[in-house]
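Participant: pasting a predicted model and its sequence here:
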Amino acid sequence: MANKNASKEFGVSQVAENLSTSMYLFGIGSGAFFAGPLSETVGRNPTYLVSTFCYLFFVLGSALTPTFGGQVVCRFFVGLFSSATLSINGSSVRDQFRPVKRAFAFPIIAWANVAAPMIAPIAGGWIVSNPNLSWRWTEWIALIISSLAFLISFLFLPETYLPLLLDWKAKHLRRITGDDRYVSEHSESSSFVGRLKHVGPLPAKFLTQEPVIAVFGGYLVLLYVLLFTFLSGFDYIFKETYELSTSLTGSCFASIAAGATFFTLFAPGLYSWARWKTEYVRGSSIEPEFRLWPAIVAAFLLPISLFWLGWGDQQNISIWSNLGACFVFGMVVIAIYVSSYEYIIDSYGDHAAIGLASITIVRYLVAGGMVMAARPMYRSLGTHWTMTLLGCVAVILLPAPLVFWRYGKKLRLKSPYAKSPEK
């Protein structure tokens, strides 16, 4: 929401100022390549803490930089160092929760990933509308909140990566017994550079050879393209059509966050359903296809919400109609996010981190490119046809969850990386 004010201060167009958002997304996509191997070498905790510590300095740089070039560089490194949190949080959930309990825990984690980017423009809209505050206060507030989160994490965040915990236990036993036979597999595995050489080509292999990753990656690419192009698109969907102020335009993002929150309220129901599905057996596994039900329903709602938003965007139609479409879109985003991540975690087991990193890389790199095209696209095609184009892509992807629900077991049998259905 600070795009207009920042572009005026730096003397560039609003399209050029979108480069700061694009570079942030490119940074996330680039950092995801390293976050997985690093977390599996030194552990989740150091990866989170060191990357977040570096992230704080570049947020500070974004708030202080006097030049457009400085802002673009700082925003790239903000994304690069924030990528660890976005890339490996799914793996951290897998570390801590059994398959059935993840049905309750993961929607809550997903809510933070989906709702937060929608809550930020609400605050940003009111900040930039305040004549006593500059657009730089959006960066200062992000720095204050992030610093508090870092301090809490530094004091209380535990290590969750099991191979590393076993390595610590083996070291402790060697120290108190003097017996060198206590050795963990982790200590004998490759170094970070060795892991990177091994893991580096895998995201490309997953994206090209694993149908699950390719299709759900495509879904998430579409959703994240929409989420981040809405930062520009809402100027055309709400601000121009209904002549809203910047602050009220930012507040319209609350409808997407509300939809995501509404879905999260079903987490206890998903957990109870998972327990019933496993006949209440403690610690039992669950078929990955069970995770697809939210996406199966959401797949039908996605094109509906996009066509609704596109063709309901008219002055003679109440603004509440468009807000309703955004509410449905918010439910769709988190439903597909939860299904995709949980299905990949259950399907790929120890390779899940690579699968999730593959999707993270591609969705943020593509979304970063589309952010630059957002304003020209909305300006040339108009809201109606932009949403229609994206809605048609959603229609093409619509059968995907049902296909995987029907044929997922057979596909996993053919995959060299997926867990066997019998395991």
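Facilitator: Okay, I see it.
Participant: so where's the stretch 301-423 of the chain shaky on pLDDT?
Facilitator: Counting by pLDDT under 70, the stretch 301-423 of the chain contains low-confidence residues at 419-423.
Participant: where do the helices sit along it?
Facilitator: 319-348, 352-397, 400-414 (DSSP state H, counting those that start in this stretch).
Participant: so the last one versus helix 319-348, what angle?
Facilitator: In this structure, helix 400-414 runs at an angle of 10 degrees to helix 319-348, with axes from the mean of the first three to the mean of the last three Cα atoms, to 10 degrees as the basis.
Participant: from the contact counts, what lies against helix 400-414?
Facilitator: helix 211-234, helix 293-311, helix 319-348 (3 or more Cβ pairs under 8 Å, 6 or more residues apart in numbering; DSSP states H and E). All C-beta spots, glycine's among them, are computed from the backbone N, C-alpha and C.
Participant: in terms of pLDDT, where does residue 90 sit?
Facilitator: pLDDT, residue 90: 82.
Participant: isn't it right up against residue 357?
Facilitator: No - counting by Cβ atoms under 8 Å, residue 90 sits too far from residue 357 to count as a contact (9.5 Å).
Participant: check contacts around the nearest residue to residue 298 once chain neighbours are set aside.
Facilitator: Of all residues not flanking residue 298 in the chain, residue 335 sits nearest, at 3.8 Å (Cβ to Cβ, 6 or more residues apart in numbering). Residues near residue 335 by Cβ atoms under 8 Å, 6 or more residues apart in numbering: 263, 294, 295, 297, 298.
Participant: what about the third one, neighbour count?
Facilitator: The burial metric for residue 295, expressed as a neighbour count using other Cβ atoms under 10 Å, is 25.
Participant: how far away is it from residue 343?
Facilitator: 8 Å (Cβ to Cβ, to the nearest Å).
Participant: also the first one?
Facilitator: Here the distance between residue 263 and residue 343 works out to 16 Å (Cβ to Cβ).
Participant: and the fourth one, by the same measure?
Facilitator: When distances are taken as Cβ to Cβ, residue 297 and residue 343 turn out to be 15 Å apart.
Participant: tell me which of the two has more neighbours.
Facilitator: Set residue 297 next to residue 343 and count neighbours by other Cβ under 10 Å: residue 343 wins out with 25 against 15.
Participant: excluding chain neighbours, what is closest to that one?
Facilitator: Excluding the flanking residues, the one nearest residue 343 by Cβ to Cβ, 6+ apart is residue 291, at 4.6 Å.
Participant: kindly report the same for residue 134.
Facilitator: Per Cβ to Cβ, 6+ apart, closest to residue 134 is residue 5, 7.2 Å.
Participant: which helix or strand contains the one you found?
Facilitator: Element membership for residue 5 (DSSP states H and E) is helix 3-10.
Participant: quick one: average pLDDT of the helix or strand just after that helix?
Facilitator: With elements assigned by DSSP H and E, the helix or strand that comes after helix 3-10 is helix 14-42. For helix 14-42, mean pLDDT rounds to 85.
Participant: going forward, count from 839.
Facilitator: With the count now opening at 839, the last piece we talked about shows up as helix 852-880.
Participant: what residues of stretch 1227-1240 count as buried?
Facilitator: Going by neighbour count (16 or more other Cβ atoms under 10 Å), the buried part of stretch 1227-1240 is 1228, 1229, 1231, 1232, 1235, 1236, 1238, 1239.
Participant: looking at these, which is nearest residue 932?
Facilitator: Each of these was checked against residue 932 using Cβ to Cβ; the closest is residue 1239, at 21.0 Å.
Participant: which ones are touching that closest one?
Facilitator: By Cβ under 8 Å, 6+ apart, the contact list for residue 1239 reads 1130, 1133, 1134, 1137, 1177.
Participant: between these, which has the most around it?
Facilitator: Busiest of those [other Cβ under 10 Å] is residue 1177, holding 27 neighbours.
Participant: not counting its neighbours along the chain, what's nearest that one?
Facilitator: What sits nearest to residue 1177 in space, not counting adjacent residues and going by Cβ to Cβ, 6+ apart, is residue 1133, at 3.5 Å.
Participant: against residue 1240, how distant is the one residue sitting closest to the centre of the chain?
Facilitator: With distances taken as Cα atoms, centre = their mean, residue 951 lies nearest the centre of the chain, 5.3 Å away. Separation of residue 951 from residue 1240 (Cβ to Cβ): 25 Å.
Participant: do residue 996 as well
Facilitator: Distance from residue 996 to residue 1240, by Cβ to Cβ: 39 Å.
Participant: same thing with residue 961?
Facilitator: For residue 961, the distance to residue 1240 equals 39 Å [Cβ to Cβ].
Participant: again with residue 861
Facilitator: Between residue 861 and residue 1240 the distance is 37 Å, computed by Cβ to Cβ.
Participant: can you check residue 1074 too?
Facilitator: Here residue 1074 is placed at a distance of 34 Å from residue 1240 (Cβ to Cβ).
Participant: which stretches in the stretch 989-1138 of the chain count as strands?
Facilitator: Counting by DSSP state E, counting those that start in this stretch, the stretch 989-1138 of the chain has no strands at all.
Participant: any idea how far the residue nearest to residue 1181 lies from residue 1054?
Facilitator: Distance of residue 1129 to residue 1054, given as Cβ to Cβ: 11 Å.
Participant: with residue 1093 instead?
Facilitator: Look at residue 1093 and residue 1054: by Cβ to Cβ, they are 25 Å apart.
Participant: of these two, who's got more company?
Facilitator: Of the pair residue 1093 and residue 1054, residue 1054 is the one with more neighbours under other Cβ under 10 Å, namely 27 against 20.
Participant: what sits against that one?
Facilitator: 1174, 1178, 1181, 1182, 1197, 1238.
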